[in-house]
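1. Let me see the structure of the following:
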Amino acid sequence: MRTPHDELRAGLREAAEAYEPDRARILARVERGMAAGPEEKRPRRRATRPPLLGWARVAGATAAVSGILAMGGYALASAVKSDETPADPTVSVSPLPTPSPDATSRAPVQPAPEPSGGNTQDDKPSSTPTPTPEASNTAAAPAAKGTEDGPLWSDGSVDPHSNDFWAQSNVTIKTSEQLTTLTVELKVAETDGVTSAGAWRSAPEDDFELTVAERDGFLVYTWVLKEGRTVWPGEYVFAGQYDHTRGGRDAKDDTYAVTATAAGEQRAVKGDFAGQDSNDESDEGDS
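-> Model (predicted):
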């Protein structure tokens, strides 16, 4: 709501902005004043006064113009200055101290545990102890009796591309139904200087958590399907890679175990790897 003071201020500003001095008319009057003395025929005794009178008129007109311009500039400056100053300086100060100590104390407490429990397991697979979910899944699953259980089938083999210094053990699984949980464990006996050289799987990498650890004389590779992910029907390979001393390595002590959930039922399979002697016998039979 505008006060009389605001209306007066606005009127002065509008008047100052609307005022435009007629410079041509003022100069014309000055010129007429200067030329009026010599053109008019006056008595001889007043011949000396017109110049002084003409200059007085010029000075008066100039002073009047300067005064008008000064008043207009002052009015404009005062109107602009008054508009720049805030009408109520207390309005910007009043809404300042609104945060309450309760809100600030609750904010850091509530969101902190929620994201840490949901996402850090994916970002830090090494720090999260995967044996805990493995133990719970294995305990709930029935004891594996062989390489096949319902829709789940498995096989273990040493990759044919292995050489005298490096080898790869493959665990192949097939499922005819969708799996909602899956844990694959590969145990490589730490013989002949076995050390881990990596691992891979044909299933999507982001769907699994991988841990590699040494336990009870074995190099253990474990893949655990993340919560909320599924494995579609098909064939998948989980491979552990390792270095060893020069020469052929016997994989007779290596084993694997797989637990899964298909159609709400727990499934479990297990197996081992062919030893070096059996491979030699198969080669002789082929020859």
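
2. Return the set of buried residues in the host helix or strand of Gly11.
-> Using DSSP states H and E, Gly11 sits within helix 4-18. Within helix 4-18, the residues scored as buried using 16 or more other C-beta atoms under 10 Å are 9, 12-13, 16. All C-beta spots, glycine's among them, are computed from the backbone N, C-alpha and C.

3. Please apply the same query to stretch 193-203.
-> Buried, per 16+ other C-beta under 10 Å, within stretch 193-203: 194, 196, 199, 201, 203.

4. what do you get for stretch 243-262?
-> For stretch 243-262, the buried set under the neighbour-count rule, 16+ other C-beta under 10 Å, comprises 244, 249-252, 254-262.

5. What of stretch 220-240?
-> 220-225, 231, 236-240.

6. same thing with stretch 183-196?
-> Neighbour counts over stretch 183-196 (16+ other C-beta under 10 Å) mark 183-191, 194, 196 as buried.

7. which of those sit farthest apart?
-> Farthest pair in the buried residues of stretch 183-196 (C-beta to C-beta) is Thr183 and Thr191. Separation: 24.9 Å.

8. Could I get the average pLDDT for the strand or helix carrying Gly271?
-> When elements are assigned from DSSP H and E, Gly271 belongs to strand 265-272. For strand 265-272, mean pLDDT rounds to 97.

9. can you check stretch 35-51 too?
-> 52.

10. now do stretch 243-250
-> On average, stretch 243-250 scores 91.

11. Can we start the residue count at 767 from this point?
-> Understood, numbering begins at 767; the last thing we discussed is stretch 1009-1016.

12. Could you tell me the end-to-end distance of it?
-> 13 Å (C-alpha to C-alpha, to the nearest Å).

13. And for stretch 923-930?
-> 17 Å.

14. can you pull the buried residues of that stretch?
-> Buried residues in stretch 923-930, defined by neighbour count with 16+ other C-beta under 10 Å: 924, 928.

15. ok, Trp919 touching Ile939?
-> Yes. With contact defined as C-beta atoms under 8 Å, Trp919 reaches Ile939; the gap is 6.8 Å.

16. With neighbour numbers in mind, choose between those two.
-> Neighbour totals were compared for Trp919 and Ile939, and Ile939 leads with 23 against 17 (other C-beta atoms under 10 Å).

17. Is that one in a helix, a strand, or coil?
-> Secondary structure for Ile939, judged by DSSP: H, G, I helix; E, B strand; the rest coil, is strand.

18. beta partners for it?
-> According to DSSP bridges, the residues that bridge with Ile939 are Ser920, Tyr1002.

19. Repeat that for the one 10 residues further on.
-> Thr949 forms beta bridges with Val990, Thr1025, as assigned by DSSP bridges.

20. Do you know the pLDDT at it?
-> Model confidence at Thr949, given as pLDDT, is 98.

21. any idea how far it lies from Glu1031?
-> 15 Å (C-beta to C-beta, to the nearest Å).

22. pull the helix or strand with minimum mean pLDDT from this protein.
-> In the chain, the helix or strand scored least confidently by mean pLDDT, DSSP states H and E is helix 867-875, which has a mean of 35.

23. State the helix or strand in which Gln934 lies.
-> Using DSSP H and E, Gln934 falls in strand 932-941.
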